[in-house]
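Chemist: Build the 3D model from these lines:
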Amino acid sequence: KFRAARRIWARKMRDEFGAKNPKSWMVRFHTQTAGVSLTAQQPENNIVRTAFEAMAAVLGGTQSLHTNSFDEALALPSDFAARIARNTQLILSEETGVTDVVDPLGGSYYVEALTASLVAEAQTLIDEVEALGGMTKAIEAGMPKLRIEESAARRQARIDRGQETIVGVNKYQADDPQQVDVRDIDNTAVREAQVAGIEKIKASRDESATQAALRALEDGARGEGNLLALSIDAARARATVGEISDALERAFGRYKAEVRAISGVYGAGYDGDEGFERIVADVAAFAEAQGRRPRMMVAKLGQDGHDRGAKVIATAFADIGFDVDIGPLFQTPEEAARDAMENDVHVIGVSTHAAGHKTLVPELVAALKAQDGGDILVICGGVIPAQDYDYLFQHGVAAVFGPGTNIPDAAAKILSLLTKARAAA
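Modeler: Numbers count the residues shown, from 1 in each chain. So this is what the prediction gives:
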């Protein structure tokens with residue numbers, strides 16, 4: 001991919017934009033190893049995965065590299081895991097010799113053929129984007145995001161069905177899974193420390209200079225000012241990120257992404273599968289008995305911008321037969337509860353990846369009860385340490401699904417919980 005990207009960049013800069021300086025033909029990029037490949041099951045395997053991905057990035061010509069910690073499917077990285085991730089880069093750089101050659105894979109028939117194939121396929125997509133009026137128009141139309149989500153849903157179906165092997169997840173599972181010590185986040189302490197820091201900054205800064213810088217930034221946004229330079233000026237005047245964002249929002253408004261869901265992609269991966277057809281039939285039976293299909297809202301709470309997993313869950317559950325609502329990113333618990341009530345859902349599925357679950361999920365449960373929505377089931381999925389499960393259960397969560405959960409199995413469990421709850425009501 002990276003070799004193809006470098007070739008496309010060079011051609012576009014030289015041939016399309018007429019760049020004369022050869023240095024401008026060189027694409028410079030940062031790489032992060034994949035989060036989606038990290039597994040909660042047998043997490044030590046992630047060290048190997050990350051090393052391979054890091055090596056691939058270096059062979060592809062990356063200039064900057066972030067290697068994930070092996071425990072990031074469980075929690076935010078521990079110091080121990082972060083040290084291994086750092087040392088992975090040091091070993092690549094200092095011990096392997098891959099940095100001594102500009103293009104170690106150059107000339108390989110297989111690699112060159114793959115690179116040429118990717119260049120051609122990428123150009124097809126670039127032409128499609130250009131036909132829509134450019135990338136801005138394509139984003140507004142939702143085209144890039146939907147294509148990514150389609151690809152993610154297909155892959156998840158292959159994994160769930162066992163057609164694509166993930167060692168330790170759907171094959172070669174351990175009989176005695178080992179617990180890993182993970183970092184525990186005290187969200188209240190973190191928030192209090194952040195608030196105290198901001199208050200200290202505001203108390204010590206020259207307020208008139210700060211406000212002048214913010215007004216200049218807003219005026220520049222309304223006109224043709226250099227917003228990068230003006231933002232730097234505001235930061236040097238000790239304006240906070242929130243204040244800088246607010247100044248720009250007053251001029252531009254705030255972008256609101258249009259939430260869309262794909263359909264049929266995940267289900268197509270299960271064509272002819274008896275187990276999948278069974279859960280689809282069970283959902284239909286629930287709809288017949290209750291007068292409507294089970295309705296689920298997929299929610300993202302707090303400062304958690306990772307929505308790939310949430311979108312995969314949404315499209316998979318829709319293909320299974322659920323009615324699915326997708327909440328916007330960065331909702332407060334109160335906003336999510338209000339949306340759930342307005343949409344009359346049976347269950348809220350909270351997708352969490354930023355260690356906020358011990359604070360935000362209990363607040364969501366409380367907000368639902370305050371709005372007479374205590375009968376709505378709350379379930380959680382994502383990066384949640386196993387030792388936090390009991391805490392969530394004690395605070396009203398009905399079920400927790402960790403990374404690697406088989407989606408049809410999860411749907412069957414949720415349907416069973418809903419059926420029991422309806423029978424007891």
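Chemist: ranges for the strands of the stretch 251-400 of the chain?
Modeler: 295-299, 323-326, 347-352, 377-382, 399-401 (DSSP state E, counting those that start in this stretch).
Chemist: Direction included, what does the second one pair up with?
Modeler: Put plainly, it is strand 323-326. Strand pairing for strand 323-326, determined by DSSP bridges: strand 295-299 (parallel).
Chemist: still on that earlier bit, adding mean neighbour count as columns, could you present the strands of the stretch 251-400 of the chain in JSON lines?
Modeler: The way it works is simple: take the backbone N, C-alpha and C, and place the C-beta from them, glycine included. Putting these into JSON lines (neighbours: other C-beta atoms under 10 Å) gives the following:
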{"stretch": "strand 295-299", "mean neighbour count": "25"}
{"stretch": "strand 323-326", "mean neighbour count": "20"}
{"stretch": "strand 347-352", "mean neighbour count": "26"}
{"stretch": "strand 377-382", "mean neighbour count": "23"}
{"stretch": "strand 399-401", "mean neighbour count": "20"}
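Chemist: Just tell me which of those ends up closest to Arg83.
Modeler: When the strands of the stretch 251-400 of the chain are compared by C-beta to C-beta, strand 377-382 sits nearest Arg83, at 24.7 Å.
Chemist: Tell me what angle that closest one forms with strand 347-352.
Modeler: 20 degrees (axes from the mean of the first three to the mean of the last three C-alpha atoms, to 10 degrees).
Chemist: Can you list the strands that strand 377-382 pairs with?
Modeler: Sheet pairing of strand 377-382 (DSSP bridges) gives strand 347-352 (parallel), strand 399-401 (parallel).
Chemist: Pull the residues that contact the last one.
Modeler: Pointing back at strand 399-401 there. 377, 379-381, 384, 389, 392-393, 410, 413-414, 417 (C-beta atoms under 8 Å, 6 or more residues apart in numbering).
Chemist: How far off centre is it?
Modeler: 18 Å (C-alpha atoms, centre = their mean, to the nearest Å).
Chemist: try stretch 176-184
Modeler: With C-alpha atoms, centre = their mean as the basis, stretch 176-184 stands 23 Å off its chain's centre.
Chemist: same thing with stretch 97-106?
Modeler: 32 Å.
Chemist: for the stretch 201-350 of the chain, what are the low-confidence residue spans?
Modeler: For the stretch 201-350 of the chain, no stretch has pLDDT under 70.
Chemist: Neighbours of the nearest residue to Thr165 once chain neighbours are set aside, how many?
Modeler: Closest residue to Thr165 apart from its sequence neighbours, by C-beta to C-beta, 6 or more residues apart in numbering: Lys171 at 4.8 Å. Neighbour count for Lys171, taken as other C-beta atoms under 10 Å: 10.
Chemist: Please apply the same query to Ile313.
Modeler: 27.
Chemist: so it sits right up against Ile326, yeah?
Modeler: No. Between Ile313 and Ile326 there is no contact under C-beta atoms under 8 Å: 9.4 Å.
Chemist: Mutual contacts of those two, please.
Modeler: The contact sets of Ile313 and Ile326 overlap at Val298 (C-beta under 8 Å, 6+ apart).
Chemist: Closest to the centroid, which residue in the protein?
Modeler: His306 (2.3 Å; C-alpha atoms, centre = their mean).
Chemist: Can you give me the pLDDT of the closest residue to that one other than its chain neighbours?
Modeler: Leaving aside its sequence neighbours, His306 sits nearest to His353 (C-beta to C-beta, 6+ apart; 4.3 Å). His353 is assigned a predicted lDDT (pLDDT) of 89.
Chemist: Check the burial of His353 by counting its neighbours.
Modeler: Neighbours around His353, by other C-beta under 10 Å: 23.
Chemist: Report the separation between it and Ala410.
Modeler: 17 Å (C-beta to C-beta, to the nearest Å).
Chemist: do Ala113 as well
Modeler: Ala113 sits 40 Å away from Ala410, going by C-beta to C-beta.
Chemist: Next: Val378.
Modeler: For Val378, the distance to Ala410 - C-beta to C-beta - is 14 Å.
Chemist: repeat for Ala314
Modeler: Where Ala410 is concerned, Ala314 sits at a distance of 13 Å (C-beta to C-beta).
Chemist: Spit out the contact partners of the closest residue to Leu301 other than its chain neighbours.
Modeler: Nearest residue to Leu301 in three dimensions, chain neighbours excluded: Leu360, at 4.3 Å (C-beta to C-beta, 6+ apart). By C-beta under 8 Å, 6+ apart, Leu360 lies in contact with 301-302, 333, 350, 352.
Chemist: Show me the two of those residues that sit farthest apart.
Modeler: Farthest pair in the contacts of Leu360, by C-beta to C-beta: Pro333 and Thr352, 11.8 Å.
Chemist: Mutual contacts of the two, please.
Modeler: Residues within reach of Pro333 and of Thr352 at once, by C-beta under 8 Å, 6+ apart, are 301, 360-361.
Chemist: quick one, which of Ala314 and Ala410 is more surrounded?
Modeler: Ala314 (29 against 21).
Chemist: Tell me if I'm right that that one and Met297 touch.
Modeler: No. If you go by C-beta under 8 Å, Ala314 and Met297 don't touch, sitting 9.5 Å apart.
Chemist: Could you report the neighbour count for the closest residue to Ala411 other than its chain neighbours?
Modeler: Excluding the flanking residues, the one nearest Ala411 by C-beta to C-beta, 6+ apart is Ile320, at 5.0 Å. Using other C-beta under 10 Å, Ile320 has 24 other residues around it.
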